[in-house]
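Trainee: Got a predicted structure here, sequence first:
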Amino acid sequence: MTLFVMGKELPIIYIRGYAGTQGEVEETTDDPFCGFNLGSTHIRLDVNGNADFFAFESPLVRLMSDHGYREVYDGAIQTAKPIESTARTKSIWIYRYYDPTSKTFDRPGGRRLSIEEAAAGLFDFIRTVKDETGAAKVYLVAHSMGGLICRCLVQKLYPDKSASAASDIDKIFTFGTPHGGIEFNLGGGIIERVRDLIGANNSDDFGPKRMAQYLTPKKAGAKGKKFDPRELPGEAFDPARVFCIVGTNAHDYEVAMGLSRTLVGPQSDGLVQIENASVHRSHRAYIHRSHSGRYGMVNSEEGYQNLQRFFFGDVKVKAVLCDFTLDFAPGPKDDKDTEISYQFEVEIAIRGLPILMHERSFDHFCPVPLNAEQYAEQMKKGVKGKKGGLPLFTSFLMQKLGRGGTMRYMLRLAVFCRKFREGSFLVRDHVERLPLWSDRVVLELAPATPDSEAPFSARYSWVSQNLEPVTPIELDAADAKGDGQMDVFIDLPRRAREILGEKARLRFETSVWD
């Protein structure tokens, strides 16, 4: 039984990010595709950070070559009318909201649109695209501030119009969007207050006051509840239909002579801090790319591979470490006030790609943390009868890209223990980069036999035991839901169970994705 169907190929609208100076505005408007057509010939290949030649043609070219998309420029306008009617839905559109600000055309220009005005223009643009293509919905792809325009659109503008964003928008994909605003490690908050007070070139759009204004519908208000800019209400738009690319490479962001990356700190993409680059409950991938530039996330293989699988993939896989136990009590050699934190490194690779789809590591300042309080919360979820455990990643696969429909991917998992006293890291017994346990598991999903209740058969192997996935996973009625959903459970190696408990295992929640 095969239930998987390729994701819908709908019109794609690109929305670019913040142009701080007038010069950046002119550079944006001088390009028909606002920079989304730029490719790169660099990829970081080795542990020393050395760069070598690797051609990434650009996201737009790849959408055209891989999926048959078309651009829609016809002289001075964007229109799908010259395209045959049956192919109009596979079209790429650019929302050029900086044109009123540009002075390069024969009009005064120079007036910056507010976030609300840009969102209103995007609302009209979506309706135009739907009318021209006959598509039921569109995909939105946004870089940086462009994602905030999308957020304003679905969280404020649609509700204020008593309309449904989901009736027009199928999925939203953001690159390096400051969903939680832009904060600085230096200045103790003074820099942010000055920025938000002066608001030069709409820079206060990244502060909490303005964000609350353009993300809150009129009828809701913000009284009696602390505003959380990363909260995307489900009634406005389903966070499960949002994917956020989180950059972890601050070093290669070279805007303003490196001043930005100095201000925001190493836990960032050079402009947006890691913890602020996603909305709650959304899908996300951490990639070692900077906010923009030659090592930027938009013109990267990592960004594109996540984008095409989120839009057009047919299999969703969520990995959860479940049924584990951890000891947060200080050992006999520790002081009583010692605090313990466990941290997990996670890497995801898919067969046939030279890049990692998702990477959370110490080197990039973004392992998955679990302290005593967070661990207690995870245990509480399990007690309530929910699917408890520590989420490790969610990724999407494309069956047509597998060998004969067979998909193979790898998860690397490493567990580290860190000890602190009064906030300071204890190094007395510490050996740097030495995990309590580390291994890789390779999983393979193959088309199932016609009489099977499950949508596919599954095999796995821990790389410490075998490079090829040779161990079949037997499914019972509880694991195979019969509707394209299946839970795959994998036992951990002996060493891992010594650390995480005898019952610890990995749960791969696998389902049809549309």
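Mentor: That came through fine.
Trainee: lowest-pLDDT helix or strand in the protein?
Mentor: Counting by mean pLDDT, DSSP states H and E, the chain has its least confident helix or strand at helix 372-383, which shows a mean of 76.
Trainee: Quick check: next helix or strand after that one?
Mentor: The first helix or strand that comes after helix 372-383 along the chain, using DSSP states H and E, is strand 390-397.
Trainee: List the strands paired with that following strand, with their directions.
Mentor: Using DSSP bridges, the neighbouring strands of strand 390-397 in the sheet come out as strand 315-322 (antiparallel).
Trainee: So for the following helix or strand past the partner strand, mean pLDDT?
Mentor: Next helix or strand after strand 315-322 toward the C-terminus (DSSP H and E): strand 339-350. For strand 339-350, the mean pLDDT works out to 96.
Trainee: and D30, what does it touch?
Mentor: When contacts are counted by Cβ atoms under 8 Å, 6 or more residues apart in numbering, D30 is found next to T104. (Glycine included, C-beta is placed from N, CA and C.)
Trainee: Flag the shaky bits of the stretch 351-500 of the chain, pLDDT-wise.
Mentor: For the stretch 351-500 of the chain, residues meeting the criterion pLDDT under 70 lie at 381-387, 476-484.
Trainee: rerun that using 80 as the cut-off
Mentor: Scanning the stretch 351-500 of the chain for pLDDT under 80 picks out 378-388, 449-455, 474-485.
Trainee: Same check on the stretch 101-250 of the chain?
Mentor: Confidence mapping of the stretch 101-250 of the chain against pLDDT under 80 gives the ranges 186-187, 220-225.
Trainee: switch the cut-off to 50
Mentor: 224 (pLDDT under 50).
Trainee: show me where it has strands.
Mentor: Applying DSSP state E, counting those that start in this stretch to the stretch 101-250 of the chain gives strands spanning 138-143, 169-175, 242-247.
Trainee: returning to what we had before: give me the contacts around the least confident helix or strand of the chain.
Mentor: Under the criterion Cβ under 8 Å, 6+ apart, residues 326, 328, 339-340, 342, 370, 387-390 lie in contact with helix 372-383.
Trainee: Now the two most distant members of those residues.
Mentor: The most widely separated members of the contacts of helix 372-383, counting by Cβ to Cβ, are E339 and K387 (28.2 Å).
Trainee: When those two are compared, which one has more neighbours?
Mentor: Of the pair E339 and K387, E339 is the one with more neighbours under other Cβ atoms under 10 Å, namely 17 against 13.
Trainee: Neighbours of the residue nearest to A142 when sequence neighbours are not counted, how many?
Mentor: Closest residue to A142 in three dimensions, ignoring its sequence neighbours and counting by Cβ to Cβ, 6 or more residues apart in numbering: I15, at 4.3 Å. Taking other Cβ under 10 Å as the neighbour definition, I15 ends up with a count of 30.
Trainee: pull the CA atoms of the longest strand that the chain contains into CSV?
Mentor: Identified as the longest strand of the chain according to DSSP state E is strand 407-421. As requested, the backbone C-alpha atoms of strand 407-421 are provided in CSV (Å, rounded to 0.1, in the frame of the first residue of the first chain):
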residue,chain,number,x,y,z
MET,A,407,14.5,6.5,1.2
ARG,A,408,17.5,6.4,3.5
TYR,A,409,18.6,8.9,6.1
MET,A,410,21.0,9.1,9.0
LEU,A,411,20.7,10.5,12.5
ARG,A,412,23.8,11.2,14.6
LEU,A,413,23.1,11.5,18.3
ALA,A,414,25.6,12.4,21.1
VAL,A,415,25.0,12.9,24.8
PHE,A,416,27.1,15.2,26.9
CYS,A,417,27.0,16.1,30.6
ARG,A,418,27.9,19.5,31.8
LYS,A,419,28.3,20.5,35.5
PHE,A,420,28.0,24.1,36.8
ARG,A,421,28.3,25.8,40.2
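Trainee: In its sheet, which strands sit next to that strand, and in what direction?
Mentor: Paired with strand 407-421 in the same sheet, following DSSP bridges, are strand 339-350 (antiparallel), strand 424-425 (antiparallel), strand 437-447 (antiparallel).
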